[in-house]
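Student: Quick check, what structure comes out for this input:
(one chain, ligands or ions: 1)
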Amino acid sequence: MSSPTSTATDEGTVLSAVDVSKHFVVRNAVGDSSVVRAVEHASIDLYAGRIVAVVGESGSGKTTLARLLARFYEPTEGEIRLEDVPVGKGAAGRGYHQTVQLIFQDPFGSLNPVHRVWHNLDRALRIHDRRTGRAERRRRAIGLLERVSLTPGADFLDKFPHELSGGQRQRVVIARALAVAPKVLLGDEPISMLDVSIRLEMLNLLGRLSRDEGLAMLYITHDIASARYVCDDVVVMYAGQMIEGGPKERVIGAPAHPYTKLLVESSPDPDRVGTTSRDEQFADAETLGEPPSLIEPPTGCRFHPRCPFAMSRCALQEPPRTDLGDGHWSRCWLHEEGRADEIGAESYSAALARRTTEPAL
Ligand SMILES: Nc1ncnc2c1ncn2[C@@H]1O[C@H](COP(=O)(O)OP(=O)(O)OP(=O)(O)O)[C@@H](O)[C@H]1O
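Tutor: Next comes the predicted model:
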C-alpha cells in the first residue's frame, strides 16, 4: 500500500500537498515583525475512498494544512496538486472549490441563520448546475438530506438552522458540501463541537461517504480513538512538521516516534471514540512543558526538548524520514541509529523517569 504522505503518483490520488510550508509574518505591539512557521515541508496524499487523519496538539499546524489544501492560503513553498496537476498561483477558482470542500468545527457558524435549510442547499445546487429548474433542485435537495441520514428529507427543507440540533446542522453542512459533487472533503475537527452522544454516528456517516461514495477525506482531530475508529491512515503533526504517518494499525498500534507513543499512551481509553477532550488527550504532553514556539522552533528535532529518548544529535540535526515498510514512516534519529527498538521497549512514562535520573541533554 502506498503511504498517505508519499508524493509518488499513485493510482487514486486525488489531492496532494507536496513539500508545502506556510509562514505567517506577524507584528508585535511596537511594530517588530517575526515569522510564524506554521507548517514546514509537509507532504500528504488523499486517495479516493480513503480517510487520512491528521492528529496533533493545538498549534501544531493542522488547520493551516487544511487551509492550504483548500487553497484558502497560498503555500509559502511547495505546491498543491489536484489529480496530479499542480494548482498554480491564483488558479483556485470555482472549479477547485467545488472539487475540494472544507467542513469546519462549528456547524452553526457555517450555515446562514436567517435562511431555511432549503435556501442553504439551493445556493450550492445552483452554483453546481445553473440550468436545473427549481422542482428538480428541490428533489435533489431532499436526496442530499437523505444521503446524510436526515429522513424524510422533505421534513427538513423548511427548517431554520436554530430549529435543528448540532448534529442535524452538521449533517446539513455536509449535505451542502455534497451538493457541488466534490471529490474531496476536508473535515477540520468536524465532530468536536457536537454532543458526545452523536459523535459516533457522525463518524459513521463520514466513513460511509468515503467508502461507499469514493470521497477522499482528510479528518483533523485531537482524538486518537476517533482517528483509529474511522480512518485508514494517520499522520501525526508536531510543531508544524509531520513526524510520523502510515496505516492506522501501524501508527497507533506500534508507534515509531516517541511523540506518537506519548499521544497513544495518554489517550484515556482507545475504545472511547469521540469522548476524549483536547485537554485530556494532551495532558501528559503538557506535563513535559509548553509546545515549542513556531517563531523560534528548537533546532534539530523539534520534539527533542520533551523527548526522553533524545541524544545529542537530536538537538543538532533534523531527522530524515525513515521508511519502515507498508507505507509506515517516521522522522526520528533512533531509526537511523538502529535503536528504534527502544521506542517500544518501555512505556513513555518509564522512559521519562529513567531520563530524569540521567544527565539532561
Ligand atoms: N493567520 C495567521 N497569522 C499568524 N499566525 C497564524 C495564523 N494562522 C495560524 N497561525 C499560527 O500558526 C500556528 C499553527 O496554527 P494552526 O491553527 O494551524 O494549528 P492547529 O494545529 O490547527 O491548532 P488548533 O488545534 O488549536 O486549531 C499557530 O502558532 C498559530 O498561532
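Student: How many neighbouring residues does Glu77 have?
Tutor: 13 (other C-beta atoms under 10 Å). From N, CA and C alone the C-beta is placed, and that goes for glycine too.
Student: Show the backbone phi and psi for the nearest residue to it once chain neighbours are set aside.
Tutor: Of all residues not flanking Glu77 in the chain, Ser21 sits nearest, at 4.3 Å (C-beta to C-beta, 6 or more residues apart in numbering). Main-chain torsions, Ser21, degrees, to the nearest 10: phi -130, psi 150.
Student: any idea of the mean pLDDT for the host helix or strand of Val18?
Tutor: Using DSSP states H and E, Val18 falls within strand 13-27. For strand 13-27, mean pLDDT is 96.
Student: Equivalent analysis for stretch 203-212, please.
Tutor: So the average pLDDT for stretch 203-212 ends up being 94.
Student: Work out the gap between it and the centre of the chain.
Tutor: 16 Å (C-alpha atoms, centre = their mean, to the nearest Å).
Student: Restrict that stretch to CA atoms and write it as CSV.
Tutor: Below are the C-alpha coordinates for stretch 203-212, written out as CSV (Å, rounded to 0.1, in the frame of the first residue of the first chain):
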residue,chain,number,x,y,z
LEU,A,203,-18.1,9.4,12.2
ASN,A,204,-20.1,6.5,10.7
LEU,A,205,-21.5,9.0,8.2
LEU,A,206,-18.1,10.2,7.2
GLY,A,207,-16.9,6.6,6.9
ARG,A,208,-19.8,5.7,4.7
LEU,A,209,-19.3,8.7,2.4
SER,A,210,-15.7,7.8,1.9
ARG,A,211,-16.1,4.1,1.5
ASP,A,212,-19.4,3.9,-0.4
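Student: buried set for it?
Tutor: Buried residues in stretch 203-212, counted by 16 or more other C-beta atoms under 10 Å: 203, 205-207, 209-210.
Student: how about the strands in the stretch 251-361 of the chain?
Tutor: Ranges of strands in the stretch 251-361 of the chain, per DSSP state E, counting those that start in this stretch, are 322-325, 328-330.
Student: most tightly surrounded among the ones you listed?
Tutor: Highest mean neighbour count among the strands of the stretch 251-361 of the chain (mean count of other C-beta atoms under 10 Å): strand 328-330, with a mean of 25.
Student: send the alpha carbons of stretch 40-58 over as PDB?
Tutor: Output of stretch 40-58 as PDB, limited to C-alpha atoms (Å, rounded to 0.1, in the frame of the first residue of the first chain):
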ATOM      1  CA  GLU A  40       7.000  23.300   7.200                       C
ATOM      2  CA  HIS A  41       7.800  20.800   4.500                       C
ATOM      3  CA  ALA A  42       4.600  18.800   4.800                       C
ATOM      4  CA  SER A  43       3.500  16.300   2.200                       C
ATOM      5  CA  ILE A  44       0.300  14.400   2.100                       C
ATOM      6  CA  ASP A  45      -1.700  12.400  -0.400                       C
ATOM      7  CA  LEU A  46      -5.500  11.900  -0.200                       C
ATOM      8  CA  TYR A  47      -7.000   9.000  -2.100                       C
ATOM      9  CA  ALA A  48     -10.400   8.300  -3.400                       C
ATOM     10  CA  GLY A  49     -12.300   6.100  -0.900                       C
ATOM     11  CA  ARG A  50      -9.800   6.600   2.000                       C
ATOM     12  CA  ILE A  51      -9.700   8.800   5.100                       C
ATOM     13  CA  VAL A  52      -6.500  10.200   6.400                       C
ATOM     14  CA  ALA A  53      -6.500  11.600  10.000                       C
ATOM     15  CA  VAL A  54      -4.200  14.400  10.900                       C
ATOM     16  CA  VAL A  55      -3.600  14.300  14.700                       C
ATOM     17  CA  GLY A  56      -1.600  16.800  16.800                       C
ATOM     18  CA  GLU A  57      -1.600  19.300  19.700                       C
ATOM     19  CA  SER A  58      -3.200  22.700  19.400                       C
END
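Student: Give me the mean pLDDT for it.
Tutor: For stretch 40-58, the mean confidence score works out to 96.
Student: Show me what the next helix-or-strand element following the strand holding Val18 is packed against.
Tutor: For strand 13-27, the following helix or strand on the C-terminal side (DSSP H and E) is strand 33-47. With contacts defined as 3 or more C-beta pairs under 8 Å, 6 or more residues apart in numbering; DSSP states H and E, strand 33-47 has these neighbours: strand 13-27, strand 51-55, helix 62-69, strand 77-82, strand 216-221, strand 241-247.
Student: That'll do, ta.
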